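A.B. asks: okay, structure incoming, though there's no sequence with it:
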């Protein structure tokens, strides 16, 4: 009896029926996950296109980074090797006291300025953070492609 009385009280109230399955189908997954402001690229291209663009550009960057890194490591290592050979054969002499003094001076300068970060660095970091948040799918593709490019 009490339940029948309760139903009569609620008959005057009107409720809107919301089909959550249909609403979820209409929303893009990155909008549901990252919010509505997920960036201009996310609204122009599909997720697959963004992943392909990010992956291809990341692979190119990673491949170039690998090749240039090997070249730089070879040049620096070869330079040190040649200096050591020249030192041992007597072509050059190294003033090790002066080298030690200069290294200690550089260490002191690095310790003094290590806590000072310029506003330009903060501004660039903030810009990169905003870009990554707005273009998360493209950035994810780039990182994956970069790692693949380094490995190939």
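C.D. replies: Structure's in. What do you need? What you see is a predicted model; the values in this text were computed from it and never measured.
A.B. asks: measure residue 75 to residue 148 for me?
C.D. replies: 26 Å (C-beta to C-beta, to the nearest Å). C-beta coordinates here come from the backbone N, C-alpha and C atoms, glycine included.
A.B. asks: for residue 62, same thing?
C.D. replies: 7 Å.
A.B. asks: show me which of those two is the more surrounded one.
C.D. replies: residue 62 (21 against 14; other C-beta atoms under 10 Å).
A.B. asks: next up, phi/psi of the more buried one, please.
C.D. replies: In this entry, residue 62 is assigned phi and psi values of phi -70, psi -40 (degrees, to the nearest 10).
A.B. asks: tell me the confidence at it?
C.D. replies: With respect to pLDDT, residue 62 scores 94.
A.B. asks: for residue 99, same thing?
C.D. replies: pLDDT, residue 99: 91.
A.B. asks: now for it, how many residues are close by?
C.D. replies: 10.
A.B. asks: could you shift the numbering so residue one becomes 58, and keep it that way?
C.D. replies: Yes, from this point I'll number from 58; that puts the last item at residue 156.
A.B. asks: buried residues in the helix or strand hosting it, which are they?
C.D. replies: If you go by DSSP states H and E, residue 156 is part of helix 153-169. Neighbour-count burial for helix 153-169, counted by 16 or more other C-beta atoms under 10 Å, picks out no residue.
A.B. asks: low pLDDT regions in this structure?
C.D. replies: For the chain, the stretches with pLDDT under 70 are 58-69, 75, 77, 80-100, 170-174.
A.B. asks: alright, I will stop here.
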